[in-house]
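Q: Give the three-dimensional model of this entry:
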Amino acid sequence: MDAAKREFREETGITPEGALLGLDQIKQPGGKVITAWAFEGDCSPEEIGSNTFSIEWPPKSGHKQEFPEVDRADWFTLENARKRILKGQIGFLDRLMARVS
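A: Predicted structure coming up:
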């Protein structure tokens, strides 16, 4: 859980606080297993700011460039989130709604 909190902070600039609600694991179509959790909080999408990573770009060019891990953030209705999230992760939305209802 400490690693998950650290990654969240690095990728969003927000420190998760309060009770964490586990959403268990879902195996993705490609075989990767993802564990998710949720917490109640309040922030503006404009407050989101992530760390960066370096990669050779364009590929095989010999030039390294830095890119943010998260390029933008926004709030969505549940219906709109279902359209935007990866299909293999829709189950997390269902689990979250079942647990907070």
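Q: from here on, contacts and neighbour counts on C-alpha atoms
A: Noted.
Q: can you pull the contacts of Asp24?
A: Listed by Cα atoms under 8 Å, 6 or more residues apart in numbering, the contact partners of Asp24 are 35-37.
Q: oh, I was asking about Lys27
A: For Lys27, the contacting residues are 33-34, 88, taking Cα under 8 Å, 6+ apart as the criterion.
Q: Try it again at 6 Å.
A: Val33 (Cα atoms under 6 Å, 6 or more residues apart in numbering).
Q: Ala98 now?
A: When contacts are counted by Cα under 6 Å, 6+ apart, Ala98 touches no other residue.
Q: quick one: average pLDDT of the strand or helix carrying it?
A: Under the assignment given by DSSP states H and E, the secondary-structure element containing Ala98 is helix 90-100. Model confidence over helix 90-100 averages 96 on the pLDDT scale.
Q: how about the helices in the protein?
A: Across the chain, reading from the start of the chain, the helices by DSSP state H fall at 2-12, 78-84, 90-100.
Q: Buried ones in the last one, by neighbour count?
A: Think helix 90-100. Residues of helix 90-100 classed as buried: 92-93, 96 (neighbour count, 16 or more other Cα atoms under 10 Å).
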